[in-house]
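J.: next come a sequence and a model predicted from it.
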Amino acid sequence: MKQGKAFKRGVHLFDGKELSQDCPIKPIEAGAVMVYPLTQHIGAPAKAVVAVGDRVLKGQLIAEAEGYISAPVHSSVSGTVKAIEPREVVSGGRVDSIVIENDFQEEATDNFGAERNLEDLSADEIDEIVKNAGIVGLGGAGFPTGVKLTPKNALEIETVIINGSECEPYLTSDYRIMLERGEELIKGIKAVQKLLPAAKALIAIESNKPEAIARLDEMTKDIDGIDVMKLHTKYPQGGERQLIYAVTGKRINSKMLPADAKCLVINIATCYAIYEAVYKRIPLIHKVMTITGEGVNTPCNVDVPLGMSHSELLEKCGGAREDVCKLISGGPMMGMAISHTDVPIVKTSSAILAFTADDVAALGQSNCIHCGKCVGACPQHLIPQMLAKSVKATDFDRFDTLGGMECVECGCCTYVCPAKIPLTQMFKMGKAKLREAMQKR
């Protein structure tokens with residue numbers, strides 16, 4: 001086992017993982033009505049290939065990739081297409097979606113779940129399988145994995161980093177995958193290595209997960225080309241740039257890709273999805289999520305069919321307490337607060353958090369006191385208070401000069417700010433405005 005480097009700055013958080021970390025993954029039955037947004041990934045939306053009234057099977061393609069950076073969508077149930085219409089998603093926007101009424105027959109496509117031998121597949125075939133399975137980055141980014149696995153310098157990639165840090169507080173789904181599905185995870189890594197023949201794989205895990213480190217270290221001790229690396233427990237250790245530095249000592253910025261540093265980063269859950277697609281002929285139709293927080297009656301880790309609503313999932317997991325005042329889809333640092341739960345679970349969904357107290361709302365926002373805490377926390381070595389000033393002044397050229405595009409939106413500055421200024425949200429807007437300006441130019 002290897003030891004990773006420590007990146008500078010960042011923050012140490014209360015992780016809240018003890019609520020669900022010892023809860024084994026349990027399967028959740030799909031709901032009566034399933035909603036599949038056509039935008040569940042970075043890039044062009046998928047294009048529906050079914051029509052209202054069509055009967056579909058579990059695992060069937062219902063929307064095809066539209067463009068190079070895109071990903072197809074598959075049905076997680078058998079049933080009938082009831083509508084193709086805009087539906088609200090976690091962001092609050094409305095997205096064209098396929099609505100399927102579940103017939104609970106679980107009738108699947110031909111060869112669904114049938115074993116396949118990795119040795120019988122070429123690198124090109126594996127890449128095509130991953131693309132056709134609709135796999136995207138399940139750590140939150142949603143970038144199509146088939147594209148990521150075929151960089152222009154594929155033969156030069158030296159390191160594949162399997163991101164098992166799971167640095168977001170409260171989340172334990174990746175941790176449970178590492179504990180319960182280690183053999184499958186390693187098979188997924190071997191499939192990736194067949195695409196990148198010169199690459200060694202490092203499973204990078206934060207030190208607050210000693211059981212996962214010990215288990216995977218034991219499982220990989222006699223496997224050439226796959227190793228485990230223990231990382232320091234600090235947020236945002238799982239951020240791509242921080243992770244690459246911790247594992248390799250190399251630094252990348254917003255104008256670079258990991259491949260420029262001869263690296264690729266793949267999330268634990270994504271790697272497991274690759275295993276299912278390559279070895280079991282199962283497309284991405286389900287994922288492991290964490291349901292937790294002080295406002296949840298029964299914290300747990302669950303295997304969820306994509307397409308069911310947050311509300312139905314929460315109900316099937318024991319529901320939330322009556323005094324819940326805040327719900328978040330995803331982690332507390334980079335997830336989204338939601339006003340209601342009638343939105344679908346998608347590929348990038350990772351958790352439902354319920355809290356009975358909202359410290360940020362309770363304190364309220366005040367003026368910046370120039371304490372510099374945000375500077376000391378920023379893992380990108382930016383000056384958030386100056387960036388915020390440029391955004392307020394709508395001076396986006398100044399925002400660019402100050403390095404605003406290097407912000408990774410991790411939330412560290414917002415977390416430490418005693419004035420509770422929504423710095424991260426301001427920088428998201430600044431980056432969006434700057435991109436608009438650059439496109440016009």
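T.: Looks like it arrived, so ask away.

J.: how about the strands in the stretch 251-400 of the chain?
T.: Ranges of strands within the stretch 251-400 of the chain are 263-267, 286-292, 300-305, 326-329, 336-338, 351-355, based on DSSP state E, counting those that start in this stretch.

J.: show me the shaky parts of the chain.
T.: Counting by pLDDT under 70, the chain shows low-confidence ranges at 359-363.

J.: could you rerun that using 50?
T.: Per-residue confidence for the chain (pLDDT under 50) gives no ranges below the cut-off.

J.: from the centre of it, point out the most distant residue.
T.: No residue in the chain sits farther from the centre than Ile369, which is 34.4 Å out by Cα atoms, centre = their mean.

J.: quick check: closest non-adjacent residue to that one.
T.: Ala419 (6.2 Å; Cβ to Cβ, 6 or more residues apart in numbering). The C-beta positions use only the backbone N, C-alpha and C, and glycine is treated the same way.

J.: which residues sit in contact with that neighbour?
T.: Gln365, Ser366, Asn367, Cys368, Ile369 (Cβ atoms under 8 Å, 6 or more residues apart in numbering).

J.: could you measure from the last one over to Pro418?
T.: Taking Cβ to Cβ, to the nearest Å as the measure, Ile369 and Pro418 are separated by 7 Å.

J.: repeat that for the first one.
T.: Spatial separation of Gln365 from Pro418 under the definition Cβ to Cβ is 11 Å.

J.: how about Asp395?
T.: 25 Å.

J.: now Lys200
T.: For Lys200, the distance to Pro418 - Cβ to Cβ - is 44 Å.

J.: quick one: the helices in the stretch 151-300 of the chain?
T.: Per DSSP state H, counting those that start in this stretch, the stretch 151-300 of the chain carries helices over the ranges 173-180, 182-195, 210-220, 240-248, 268-280.

J.: packing partners for the shortest one?
T.: Under the contact criterion of 3 or more Cβ pairs under 8 Å, 6 or more residues apart in numbering; DSSP states H and E, the helices and strands touching helix 173-180 comprise strand 25-27, helix 210-220, helix 268-280, strand 286-292.

J.: which one of the ones you listed is the most hemmed in?
T.: Across these, averaging neighbours per residue (mean count of other Cβ atoms under 10 Å) puts strand 286-292 on top, at a mean of 26.

J.: other SSEs contacting that one?
T.: Using 3+ Cβ pairs under 8 Å, 6+ apart, the elements in contact with strand 286-292 are helix 173-180, helix 268-280, strand 300-305, helix 310-316, strand 351-355.

J.: and the last one, what's buried?
T.: Think strand 351-355. Ala351, Ile352, Leu353, Ala354, Phe355 (16 or more other Cβ atoms under 10 Å).

J.: what sits closest to the fourth one if chain neighbours are left out?
T.: Okay, so that is Ala354. Once flanking residues are discounted, Ala354 sits nearest to Gly295: 3.3 Å by Cβ to Cβ, 6+ apart.

J.: phi and psi next, for the one you found.
T.: Gly295 has phi and psi values of phi -90, psi 0 when expressed as degrees, to the nearest 10.

J.: could you double-check that it sits in contact with Thr356?
T.: Yes - if you go by Cβ atoms under 8 Å, Gly295 and Thr356 touch, sitting 4.7 Å apart.

J.: which of those two has more neighbours?
T.: Gly295 (19 against 15; other Cβ atoms under 10 Å).

J.: residue contacts, that one?
T.: Ala320, Arg321, Asp323, Val324, Cys325, Lys326, Leu327, Ala354, Phe355, Thr356.

J.: and the closest residue to Gly249 other than its chain neighbours, how close does it get to Val247?
T.: In this structure, Gly249 finds its nearest non-sequential neighbour in Lys5, 6.0 Å apart by Cβ to Cβ, 6+ apart. According to Cβ to Cβ, Lys5 stands 8 Å off from Val247.

J.: so what pairs up with Lys26 in the strands?
T.: For Lys26, the beta-bridge partners under DSSP bridges are Val302.

J.: contacts only, for it.
T.: Cys300, Asn301, Val302, Asp303.

J.: between these, which has the most around it?
T.: Taking other Cβ under 10 Å to define a neighbour, the member of those with the most is Asn301, carrying 26 neighbours.

J.: that residue reaches Pro27, doesn't it?
T.: No - using Cβ under 8 Å, Asn301 makes no contact with Pro27, being 10.8 Å away.

J.: any common contacting residues for the two?
T.: Joint contacts of Asn301 and Pro27 (Cβ under 8 Å, 6+ apart) do not exist.

J.: now do the helix ranked longest in the chain: which elements does it pack against?
T.: Scanning the chain for the longest helix, with DSSP state H as the assignment, gives helix 423-440. Counting contacts by 3+ Cβ pairs under 8 Å, 6+ apart, helix 423-440 packs against helix 384-392, helix 396-401, helix 412-416.

J.: and the ones you listed: which comes nearest Gly10?
T.: Of all the helices and strands packed on helix 423-440, the one in closest proximity to Gly10, counting by Cβ to Cβ, is helix 412-416 (6.1 Å).

J.: and the closest one, C-alpha only, in CSV?
T.: C-alpha atoms of helix 412-416 as CSV (Å, rounded to 0.1, in the frame of the first residue of the first chain):
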residue,chain,number,x,y,z
CYS,A,412,-14.6,25.5,1.0
CYS,A,413,-14.6,29.3,0.9
THR,A,414,-18.4,29.4,1.6
TYR,A,415,-18.0,26.9,4.4
VAL,A,416,-15.4,28.9,6.4
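
J.: packing partners of that helix?
T.: Looks like helix 412-416 contacts helix 373-377, helix 423-440 (3+ Cβ pairs under 8 Å, 6+ apart).

J.: send me the shortest one as CSV with only the CA atoms.
T.: In this case it means helix 373-377. Output of helix 373-377 as CSV, limited to C-alpha atoms (Å, rounded to 0.1, in the frame of the first residue of the first chain):
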residue,chain,number,x,y,z
LYS,A,373,-10.3,32.7,6.0
CYS,A,374,-11.5,32.0,2.5
VAL,A,375,-8.0,32.5,1.2
GLY,A,376,-6.6,30.0,3.7
ALA,A,377,-9.2,27.4,2.7
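
J.: give me the residues contacting that helix.
T.: By Cβ under 8 Å, 6+ apart, helix 373-377 touches 9-11, 382-385, 412-413, 415-418, 423.
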